[in-house]
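K.L.:
Below: sequence and its predicted model.
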Amino acid sequence: MTASLAAVVLCAGKGTRMKSEKAKVLHPILGKPLCAYPLMRALELGASPVVSVVGHQAEEVERSIRAHFPTAPLRFALQKEQRGTADAVRSAESALKDFNGRVLILYGDVPLVRSETLAALAAAHEKGGGVLSLVSTVPADPTGYGRVIREMGKVVRIVEHKDATPEQRQVRECNAGIYLVESSFLWKALANIRSSNAQGEFYLTDLVEMAAAQGPVASIEAEFGETAGVNDRVELAARAKELQSRINTWHMRNGVTLADPATTYIEEGVAIGSDTELGPMVTLSGATVVGRNVSIGQGCVVHASSVADGTTVKPYTVLEEARVGERCILGPFSRLRPGTDLAEEVHLGNFVETKKARLGRGSKANHLAYLGDAKIGSKVNVGAGTITCNYDGVNKHVTELGDGVFIGSDTQLVAPVKVGDGAYVGAGTTVTKDVPSGSLAVSRTPQVNLEGWVERKKARMAKSSETGSSKSDKASAG
Ligand code: UD1
Ligand code: MG
């Protein structure tokens, strides 16, 4: 039987160097708050419960975390004053009163830790059989980090940079701040930590010496890039770039072509099928699912939408909470707003906006249209400049177009209104009444041709300019 696992994620810090009104852990990195990443990793590992220690802007941080993980086994603990990392973990004790097992400790501002690394830590802990295991790393410049002190190869303690002797500062192996600790040891040991050190803080790292006195402290080494935190916005951008590159590489290895990975933004959690191609400057965010053999052109933004196999999305098209069926052709410059639902082989062209609009198989709106609150059947042709007048200033109303309907250019459909199967609407019509199936609706002022009108106008203009010039002649003579 594997031991049960809980996690504590430290999210109490203010992050002074961010120079922000917003708590550091809420600053977004590829669409999610910083602290969502370590929380996701803990949840992936099966940790339950996962306790976030909050302090600075506690309410906002808690609200944001709950919103991101609505169904996760979350708990929250408040650290009133920031008195050090040991004090932060200790604040989680009452939230884990009923828990017995292993506690994974992560920092809320370290977003790039990989699940594989945490799984390796768990395996090393299991094998070592001690009460505490940790992740170490070798940064290019170890200044500021806690040093991992070993005797005969075994971890004996961690010494913080500020407390270290010049000799200890020569050590390049540093503490990454990721630990796995037996709860039976953790709470008792935390109660014995004192703040008699260079920073007057309660150091979580003091646990290591206490654990080493009881048995082996297992360690695994991770790449520095994975363990690097965020202290300012330059580091935020650097971690985001690294994450972007990691996600993009993963999709490319999975069979997705990225024309320019450096400008492609794909959030964690987006799924993309093989042989799909993404142009430069494409953003895929939220719970987006893209099928196979899809082409998404330059500059498209796709948020929380699904795009089925074989669809082509031409450049600069924006989708938000839309569902697109197979083999559709969208764009360039289409805008699909929430509630857009397209069946197979639908075509939406340039400057076509849809909202809460369902279009059946093979229907087309190729140029300049607004289709809002619309139920459109299959094989419908919506002409250029067609607009659903769905809003009367108070309420939204539905427009229904049956199968095979033909809507002429520059039509206004004043909802609520229905056009029956196979009906035609003449160009320029303002449709205010239902159109029965199979009929033609036209509402236009009859056209009048005034023959010879141009010649007569020219003659009038010539005459008036003659009299006008004789007047100005007089004026200049006077
Ligand atoms: C810590 C480690 C150090 C390690 C380094 C790796 C200690 C004493 N030292 O140092 O060995 O090399 O991380 O990055 O742990 N926090 C709270 N409440 C507090 C204090 C901190 O929630 O009272 C949170 C911070 O918001 C941050 C994390 O804990 O997310 C780490 O705290 P920080 O002060 O940055 O520790 P370091 O000095 O970097
Ligand atoms: Mg730090």
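P.N.:
Ah, there it is. Ligands and ions are numbered 1, 2, ... in the order given.

K.L.:
any idea which element residue 366 lies in?
P.N.:
strand 364-376 (DSSP states H and E).

K.L.:
what pLDDT, on average, does that strand get?
P.N.:
Averaged across strand 364-376, pLDDT comes to 98.

K.L.:
Only alpha carbons, please: show that strand as PDB.
P.N.:
Provided in PDB are the C-alpha atoms of strand 364-376 (Å, rounded to 0.1, in the frame of the first residue of the first chain):
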ATOM      1  CA  LYS A 364     -22.400  29.800 -45.500                       C
ATOM      2  CA  ALA A 365     -22.000  33.400 -44.400                       C
ATOM      3  CA  ASN A 366     -19.100  34.500 -46.400                       C
ATOM      4  CA  HIS A 367     -18.900  38.300 -46.000                       C
ATOM      5  CA  LEU A 368     -19.800  41.100 -43.500                       C
ATOM      6  CA  ALA A 369     -22.500  39.700 -41.300                       C
ATOM      7  CA  TYR A 370     -23.800  39.700 -37.700                       C
ATOM      8  CA  LEU A 371     -25.600  36.500 -36.700                       C
ATOM      9  CA  GLY A 372     -26.700  36.700 -33.000                       C
ATOM     10  CA  ASP A 373     -29.200  34.500 -31.200                       C
ATOM     11  CA  ALA A 374     -29.800  32.600 -34.400                       C
ATOM     12  CA  LYS A 375     -30.800  29.000 -35.200                       C
ATOM     13  CA  ILE A 376     -29.800  28.400 -38.800                       C
END
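
K.L.:
and the next element down the chain from that strand?
P.N.:
As assigned by DSSP H and E, the chain's next helix or strand after strand 364-376 is strand 381-382.

K.L.:
How about residues contacting the helix or strand following that next one?
P.N.:
Downstream of strand 381-382, the next assigned helix or strand under DSSP H and E is strand 387-389. The contact list for strand 387-389 (C-beta atoms under 8 Å, 6 or more residues apart in numbering) reads 369-374, 399, 411-415. No exception for glycine: its C-beta is placed from N, CA and C like everyone else's.

K.L.:
Tell me the most packed of those, by neighbour count.
P.N.:
residue 413 (28 neighbours; other C-beta atoms under 10 Å).

K.L.:
quick one: secondary structure of that residue?
P.N.:
At residue 413, secondary structure determined by DSSP: H, G, I helix; E, B strand; the rest coil is strand.

K.L.:
for it, what are its contacts?
P.N.:
386-389, 399, 401, 407, 419, 431.

K.L.:
Any idea what it is bridged to?
P.N.:
residue 388, residue 431 (DSSP bridges).

K.L.:
which SS class is residue 87?
P.N.:
Under three-state DSSP, residue 87 comes out as helix.

K.L.:
Name the nearest residue to it, sequence neighbours excluded.
P.N.:
residue 202 (4.3 Å; C-beta to C-beta, 6 or more residues apart in numbering).

K.L.:
for ligand 1, what are the nearby residues on this structure?
P.N.:
By C-beta under 6 Å from any ligand atom, the residues of the chain that approach ligand 1 are 10, 12-13, 53, 55, 79, 82-85, 87-88, 107-109, 145-146, 158, 160, 174-177, 203-205, 229.

K.L.:
buried sites along stretch 193-209?
P.N.:
193, 197, 201-209 (16 or more other C-beta atoms under 10 Å).

K.L.:
meant to ask about stretch 100-112, not that
P.N.:
So for stretch 100-112, counting by 16+ other C-beta under 10 Å, buried means 102-112.

K.L.:
Looking at the residues you listed, which one is closest to residue 293?
P.N.:
Nearest to residue 293 among the buried residues of stretch 100-112: residue 112, at 31.8 Å, using C-beta to C-beta.

K.L.:
Where does the residue lying closest to that closest one once chain neighbours are set aside sit: helix, strand or coil?
P.N.:
What sits nearest to residue 112 in space, not counting adjacent residues and going by C-beta to C-beta, 6+ apart, is residue 226, at 5.0 Å. With three-state DSSP as the basis, residue 226 sits in helix.

K.L.:
List only those of the contacts of residue 413 flagged as buried.
P.N.:
Those of these that meet the buried threshold are 386-389, 399, 401, 407, 419, 431, by 16+ other C-beta under 10 Å.

K.L.:
that older thread, go through the buried residues of stretch 193-209 and say which is closest to residue 299.
P.N.:
For the buried residues of stretch 193-209, the residue nearest residue 299 by C-beta to C-beta is residue 204; the value is 46.1 Å.

K.L.:
correct me, but that closest one touches residue 92?
P.N.:
No. Using C-beta atoms under 8 Å, residue 204 is not in contact with residue 92; the gap is 11.6 Å.

K.L.:
ok, back up a step: shouldn't the residue nearest to residue 112 be in contact with residue 117?
P.N.:
Yes. In this structure, residue 226 is within contact of residue 117 by C-beta under 8 Å, at 6.1 Å.
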